[in-house]
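A.B. asks: this is the structure alone, sequence omitted:
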Ligand code: G6P
């Protein structure tokens, strides 16, 4: 049977495939795609011979031949250069992303972007319709594909359709600014089950639905156009076993020691690991750090801040600005407080393999996760999974989904600089014995709600949908 004729009982689709194509000189290779979506979903798909993942390779152009990754099938969907600008950089990342993250930068509304968004969503829906066996289960992911559930329902009423939103769903007052608010809600309601990261996201969604469609909602059940859609909160987890076993790997531990030495073996390492995104609050933590040094509450003699900023969406409005602001702050702190040969902030605008990130988590006495808004934030959970001796302090923004679960973290409001400074200072000076109970509680949570459990809970609920 030709690969394109093969039908699958479980189809996942997200904008990106779990790997992306990159070129190093003349050689092309596959590397893991960025972001929390892929790191959570990949272990769920791994080794499943009945599953296919449809998505984009990260390179503009027509869809290429299917291929295998980690024992499951990947089916590339083509996105042209023009669509990349209008659908991905435009509607997905300069309209929906900022709107759904509390309009931290002003969302832009352009009809040409919307047209491209619809066209690309139609292509994904057609690809999935073609891959799915009769009665198959389809799981659609994230804000790039909000119209796919409805389009697919029209083409293939036999399918069981789940949708999961990895980012926040905003307050109704913000959502209703969207000129295409009704089309998107109607698109989503093609699903049997819609999952959000938090109960607040689920409430916001139901309130928007009620306002826009007038649909009957009973609790988290929405009746619309003769169909029922269930809505629920399904907080996503990580591949805890994999991260924990990397943390226990002697090679990774040796690398951790090497990194600590190369930083000058400071008493306290503070760490931030983020995609370079304006939602992540990187500037906020750098400003707080600068003030703590200036006030003598932290000292360059014993503190170092490592900030990993993975390059992201550099062509999109807001991203060049945040990069400039972050780099200016790093330069400012190092210029004012660094000494010859020892910068106080080590800033890397690069992506790193997970092994290297785990080595950094191992040496981080204080982990700084300070987003202004974040659907979940899996970095916070990865850090916790790397602390088997229950050491370390997680400074965590209240405006992340993770803060709903990791209640014993040092919770902060990233808009309150003084509060953040106090939390960072206390975290840097906290004796290990005092930090242990909080970390132990968080570790229990991260061990019990893994990516695999998250998927099982979502899929079990989807199977139960009438
Ligand atoms: C977040 C989103 C994902 C996205 C990832 C990386 O985690 O929820 O859907 O893939 O960021 O962003 P990018 O624009 O590079 O795909």
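C.D. replies: Yep, that arrived. All values reported here derive from a predicted model rather than from experimental measurement.
A.B. asks: wait, doesn't residue 49 sit right on residue 68?
C.D. replies: No. Taking C-beta atoms under 8 Å as the definition, residue 49 is not a contact partner of residue 68, at 9.8 Å. (C-beta placed from N, C-alpha, C; glycine too.)
A.B. asks: quick check, residue 23 in a helix?
C.D. replies: No. Per DSSP: H, G, I helix; E, B strand; the rest coil, residue 23 lies outside any helix segment and is strand.
A.B. asks: what number of residues lie near it?
C.D. replies: 9 (other C-beta atoms under 10 Å).
A.B. asks: please apply the same query to residue 200.
C.D. replies: 15.
A.B. asks: now the one 5 residues further on
C.D. replies: Here the count is done by other C-beta under 10 Å, and residue 205 has 23 residues near it.
A.B. asks: hmm, who's touching the helix or strand harbouring it?
C.D. replies: Assigned by DSSP states H and E, residue 205 belongs to helix 199-213. Contact partners of helix 199-213, identified using C-beta atoms under 8 Å, 6 or more residues apart in numbering, comprise 165, 168-172, 175-176, 181-182, 185-186, 189, 194, 196, 215, 217, 220, 222, 224, 231-233, 375, 401, 404.
A.B. asks: which among the residues you listed count as buried?
C.D. replies: 165, 168-170, 172, 175, 181, 185-186, 189, 194, 196, 215, 217, 220, 222, 224, 231, 233, 375, 401, 404 (16 or more other C-beta atoms under 10 Å).
A.B. asks: would you mind measuring from residue 406 to the ligand?
C.D. replies: 18 Å (C-beta to the nearest ligand atom, to the nearest Å).
A.B. asks: before we move on, what about residue 447?
C.D. replies: 22 Å.
A.B. asks: let's number from 793 now, not from 1
C.D. replies: New numbering, starting at 793: the last item is residue 1239.
A.B. asks: which ones are touching that residue?
C.D. replies: Applying C-beta under 8 Å, 6+ apart, we find residue 1239 in contact with 1032, 1177.
A.B. asks: any idea of the pLDDT on it?
C.D. replies: With respect to pLDDT, residue 1239 has a value of 97.
A.B. asks: flag every buried residue along the helix or strand hosting it.
C.D. replies: Assigned by DSSP H and E, residue 1239 belongs to helix 1224-1240. By 16+ other C-beta under 10 Å, the buried positions in helix 1224-1240 come out as 1227, 1228, 1230, 1231, 1233, 1234, 1235, 1237, 1238.
A.B. asks: in the stretch 893-1042 of the chain, which spans are helices?
C.D. replies: 903-923, 940-947, 964-967, 973-980, 991-1005, 1032-1040, 1042-1054 (DSSP state H, counting those that start in this stretch).
A.B. asks: and the shortest one, how far out from the chain middle?
C.D. replies: Put plainly, it is helix 964-967. Chain-centre distance of helix 964-967: 22 Å, with C-alpha atoms, centre = their mean, to the nearest Å.
A.B. asks: could you do stretch 856-869 as well?
C.D. replies: Offset of stretch 856-869 from its chain centre (C-alpha atoms, centre = their mean): 22 Å.
A.B. asks: sorry, back to before: wait, which of the buried residues of helix 1224-1240 is closest to the ligand?
C.D. replies: Relative to the ligand, the closest of the buried residues of helix 1224-1240 is residue 1238; by C-beta to the nearest ligand atom it sits at 18.1 Å.
A.B. asks: wait, that closest one sits on residue 1033?
C.D. replies: No. Between residue 1238 and residue 1033 there is no contact under C-beta under 8 Å: 11.0 Å.
A.B. asks: a markdown table for the helices of the stretch 893-1042 of the chain, including distance to residue 1120 and mean pLDDT?
C.D. replies: Conversion of those to a markdown table gives the following (distance: least, C-beta to C-beta, whole Å; pLDDT from 0 to 100):
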| stretch | distance to residue 1120 | mean pLDDT |
| --- | --- | --- |
| helix 903-923 | 30 | 98 |
| helix 940-947 | 40 | 98 |
| helix 964-967 | 30 | 98 |
| helix 973-980 | 37 | 98 |
| helix 991-1005 | 34 | 96 |
| helix 1032-1040 | 33 | 97 |
| helix 1042-1054 | 25 | 98 |
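A.B. asks: make TSV out of these and add distance to the ligand.
C.D. replies: Output for those, formatted as TSV (distance: least, C-beta to the nearest ligand atom, whole Å):
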stretch	distance to the ligand
helix 903-923	13
helix 940-947	14
helix 964-967	17
helix 973-980	16
helix 991-1005	13
helix 1032-1040	17
helix 1042-1054	24
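A.B. asks: pull the number of nearby residues for whichever residue of the chain sits closest to the ligand.
C.D. replies: For the chain and the ligand, the shortest gap (C-beta to the nearest ligand atom) falls at residue 827, measuring 2.5 Å. Using other C-beta under 10 Å, residue 827 has 18 other residues around it.
A.B. asks: likewise residue 1001?
C.D. replies: For residue 1001, using other C-beta under 10 Å, the count is 24.
A.B. asks: any idea how far it lies from residue 1250?
C.D. replies: 19 Å (C-beta to C-beta, to the nearest Å).
A.B. asks: returning to what we had before: how far does the helix holding residue 997 sit from its chain's centre?
C.D. replies: Relative to its chain's centre, helix 991-1005 lies at 22 Å (C-alpha atoms, centre = their mean).
A.B. asks: now the angle between helix 973-980 and that helix, please.
C.D. replies: Helix 991-1005 runs at 120 degrees relative to helix 973-980, counting by axes from the mean of the first three to the mean of the last three C-alpha atoms, to 10 degrees.
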